[in-house]
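K.L.:
What follows is a predicted protein model with its sequence.
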Amino acid sequence: MTTEPHGHAGTAVACDDTTLQLLCGLAEEAGREIMAVYAGEVAAWQKADASPLTEADLRADRVIRTGLERAFPGVFILSEESTSPDGGTPGTFFLVDPLDGTKEFLKRNGEFTVNIALIENGTPVAGVVFAPALDELFAAAAGCGATKRAGGVTSPIRVAPSPAGTPLRVIASRSHADADLAAWLGALGPSHTLVSVGSSLKFCRIAEGAADVYPRFGPTSQWDTAAAQAVLEIAGGLVVDLGGAPLRYGLERPILNPAFLAAATPALAALG
């Protein structure tokens with residue numbers, strides 16, 4: 001499948017295994033830059049929205065942007081840390097979070113990721129999520145399936161909802177719990193367990209069958225969710241807003257996502 005971005009005639013991105021492997025390589029290269037900073041003293045600054053920024057964010061962003069621009073000249077890149085100079089609204093573009101979970105990075109708990117997604121007409125059609133401290137790499141593309149590499153072994157992954165009669169496995173943000181989440185959990189009919197995890201790994205845990213549902217009521221940005229949404233949806237799950245519509249992306253859309261539910265099945269996405 002090839003896609004043609006608006007405003008960049010002659011530029012296309014093939015959503016295939018070759019593209020996916022290139023994205024994986026860039027995520028791993030960015031991960032090496034992050035871990036080089038992680039190994040030493042980490043200085044952090046505060047951005048205008050009060051979120052933290054480190055040298056690791058900037059080094060990872062440079063690696064990914066340079067690699068994407070070389071491989072896909074003319075395709076728009078929207079990263080948390082930088083934006084392509086062309087201000088158009090292409091139907092095909094890359095969404096990048098060079099270091100998702102900067103708070104977890106600063107806490108040194110390992111639960112931070114590199115996120116790279118390819119967006120086509122509002123939908124994430126390919127995504128890579130790399131957790132360098134855990135050495136876990138999740139990758140998916142439409143038509144190629146979803147995989148996880150851990151310990152040097154790559155395996156296909158698929159959602160696996162809890163059997164009927166067993167507790168619902170809820171996964172939530174480690175750094176962003178709120179009253180809405182507490183109310184949602186309180187309204188759950190089935191018994192449940194709750195695990196808190198940082199960064200986009202929450203989607204990936206559902207994708208690999210280790211969790212059932214991730215409710216998110218606090219703010220997230222497009223680059224926080226796109227890559228992991230691709231992994232989860234291609235692994236058989238879904239991500240929907242509170243009205244049941246798929247979470248969508250675009251340069252013309254607000255950067256902040258609405259509240260959403262990521263789940264292994266439509267029935268689980270309708271809970272709460």
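P.N.:
Received it, and whenever you're ready, just let me know what you need. Numbering: from 1, shown residues only.

K.L.:
Going by C-alpha atoms from here, please, whenever you check contacts or count neighbours.
P.N.:
Noted.

K.L.:
so where do the strands sit in the stretch 101-250 of the chain?
P.N.:
For the stretch 101-250 of the chain, the strands defined by DSSP state E, counting those that start in this stretch cover 113-120, 123-131, 136-141, 145-150, 153-156, 168-173, 192-197, 213-216, 238-241.

K.L.:
can you redo those as JSON lines with distance to L181?
P.N.:
Below are the strands of the stretch 101-250 of the chain laid out as JSON lines (distance: least, CA to CA, whole Å):
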{"stretch": "strand 113-120", "distance to L181": "23"}
{"stretch": "strand 123-131", "distance to L181": "25"}
{"stretch": "strand 136-141", "distance to L181": "26"}
{"stretch": "strand 145-150", "distance to L181": "29"}
{"stretch": "strand 153-156", "distance to L181": "31"}
{"stretch": "strand 168-173", "distance to L181": "8"}
{"stretch": "strand 192-197", "distance to L181": "11"}
{"stretch": "strand 213-216", "distance to L181": "7"}
{"stretch": "strand 238-241", "distance to L181": "15"}
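
K.L.:
Adding mean neighbour count, write those out as TSV.
P.N.:
Shown next, in TSV, are the strands of the stretch 101-250 of the chain (neighbours: other CA atoms under 10 Å):
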stretch	mean neighbour count
strand 113-120	29
strand 123-131	28
strand 136-141	27
strand 145-150	20
strand 153-156	12
strand 168-173	21
strand 192-197	14
strand 213-216	26
strand 238-241	24
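
K.L.:
Dump those into TSV; add mean pLDDT and distance to I34 as well.
P.N.:
Output for the strands of the stretch 101-250 of the chain, formatted as TSV (pLDDT from 0 to 100; distance: least, CA to CA, whole Å):
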stretch	mean pLDDT	distance to I34
strand 113-120	97	9
strand 123-131	97	10
strand 136-141	98	14
strand 145-150	98	18
strand 153-156	98	22
strand 168-173	94	22
strand 192-197	93	19
strand 213-216	96	26
strand 238-241	98	28
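
K.L.:
mind checking which of those strands is nearest F260?
P.N.:
In terms of CA to CA, the element of those nearest to F260 is strand 238-241, at 4.1 Å.

K.L.:
how far is that closest one from where the chain is centred?
P.N.:
How far strand 238-241 lies from its chain's middle: 13 Å, per CA atoms, centre = their mean, to the nearest Å.

K.L.:
next SSE after it?
P.N.:
strand 260-263 (DSSP states H and E).

K.L.:
List the neighbours of that following strand that are in contact with it.
P.N.:
Under the contact criterion CA atoms under 8 Å, 6 or more residues apart in numbering, strand 260-263 has outside partners 203, 206, 212-217, 237-242, 247, 269.

K.L.:
now stretch 129-146
P.N.:
For stretch 129-146, the surrounding residues in contact (CA under 8 Å, 6+ apart) are 15-17, 20, 24, 27-28, 31-32, 34-35, 110-116, 125-128, 147-151, 156-158, 200-201, 204, 227-228, 230-231, 234-235.
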